[in-house]
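Peer 1: turn this into a model:
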Amino acid sequence: MLKKVIIAGLGGGLTLIIWAILINGFFGFRYRIDMKKVPNEAQVYQILKENITEPGRYLCNPELTESNTFLENQPVFSILYGGMGHEAAGPLSVILDFIYAFVIATLCAFLLSLSSDKITSNYLRKVFFVFILGLLFAFFSDIKKYGIGNYPLSDTLIITFHNIILWTVLGLVIGLFIKPIPKRTV
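Peer 2: Numbering: from 1, shown residues only. The predicted structure follows:
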């Protein structure tokens, strides 16, 4: 079974990589959500560079009123500085993305291999099993990205929907490799 799990993990990891190249690379999915252009970027960049010197996530709130509260309907800005420049998007980042894809897919295949024969004997149930893992991932990872200092609701829902579809596609691939353990006859 270990061999099937590893093969399923490799196939699933390859699927995740191809998905990322197609959806993010060719269609710019994450670019449109995570890299929106700032008007007057040079001026904003200079102000951020002068004022934010330590890596971290920062919030920029409006000024407090005389009663020490925030005015209603005023924007709050989230600023994320990872402490590195464009050089960090090089080979190490790509290698980590590849490792992540294969680890996630192999872990998913392993969990599926531990499930009952009732699940592993039916292709749609195997896909549904991975789909449920994707829903859990979306619930505990994607949906919590909504709110002050994070994504607006529309982007959060788009990211969540994207990841649920991705996990379903992952299930379609992994489900091809994981089979029920044959029963031994005595």
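Peer 1: could you find the closest non-adjacent residue to Ala105?
Peer 2: Using C-beta to C-beta, 6 or more residues apart in numbering and skipping residues adjacent in sequence, the residue nearest Ala105 is Gly12, 2.8 Å away. In short, each C-beta sits where N, CA and C put it, glycine included.
Peer 1: that neighbour in helix, strand or coil?
Peer 2: helix (DSSP: H, G, I helix; E, B strand; the rest coil).
Peer 1: that one and Ala109 touch, don't they?
Peer 2: Yes: Gly12 is within contact range of Ala109, at 6.2 Å (criterion: C-beta atoms under 8 Å).
Peer 1: so what touches the lowest-mean-pLDDT helix or strand in the chain?
Peer 2: Of all helical and strand segments in the chain, the minimum by mean pLDDT, DSSP states H and E falls on helix 29-34, at a mean of 80. Contacts of helix 29-34 from elsewhere in the structure, counted by C-beta atoms under 8 Å, 6 or more residues apart in numbering, are Ile23, Asn24, Tyr151, Asp155, Ile158, Ile159, His162.
Peer 1: A helix includes the second one, no?
Peer 2: Yes: when three-state DSSP is applied, Asn24 is found to be in a helix.
Peer 1: residues contacting it?
Peer 2: By C-beta under 8 Å, 6+ apart, the residues touching Asn24 are Arg30, Tyr31.
Peer 1: could you measure it against Asn61, distance?
Peer 2: According to C-beta to C-beta, to the nearest Å, Asn24 stands 32 Å off from Asn61.
Peer 1: make sure Leu59 is indeed in a helix.
Peer 2: No: counting by three-state DSSP, Leu59 is not found in a helix; it is strand.
Peer 1: report all helices and strands that the helix ranked longest in the chain contacts.
Peer 2: Longest helix of the chain, by residue count under DSSP state H: helix 153-177. Helix 153-177 sits against helix 2-19, helix 29-34, helix 91-113, helix 123-137, with contacts defined as 3 or more C-beta pairs under 8 Å, 6 or more residues apart in numbering; DSSP states H and E.
Peer 1: pipe those helices into a markdown table and attach distance to Ile174 and mean neighbour count per row.
Peer 2: Converted to a markdown table, the helices and strands packed on helix 153-177 look like this (distance: least, C-beta to C-beta, whole Å; neighbours: other C-beta atoms under 10 Å):
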| stretch | distance to Ile174 | mean neighbour count |
| --- | --- | --- |
| helix 2-19 | 5 | 18 |
| helix 29-34 | 22 | 14 |
| helix 91-113 | 5 | 16 |
| helix 123-137 | 6 | 18 |
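Peer 1: who wins for proximity to Pro75 among those?
Peer 2: With C-beta to C-beta as the criterion, Pro75 lies closest to helix 29-34 of the helices and strands packed on helix 153-177, at 18.0 Å.
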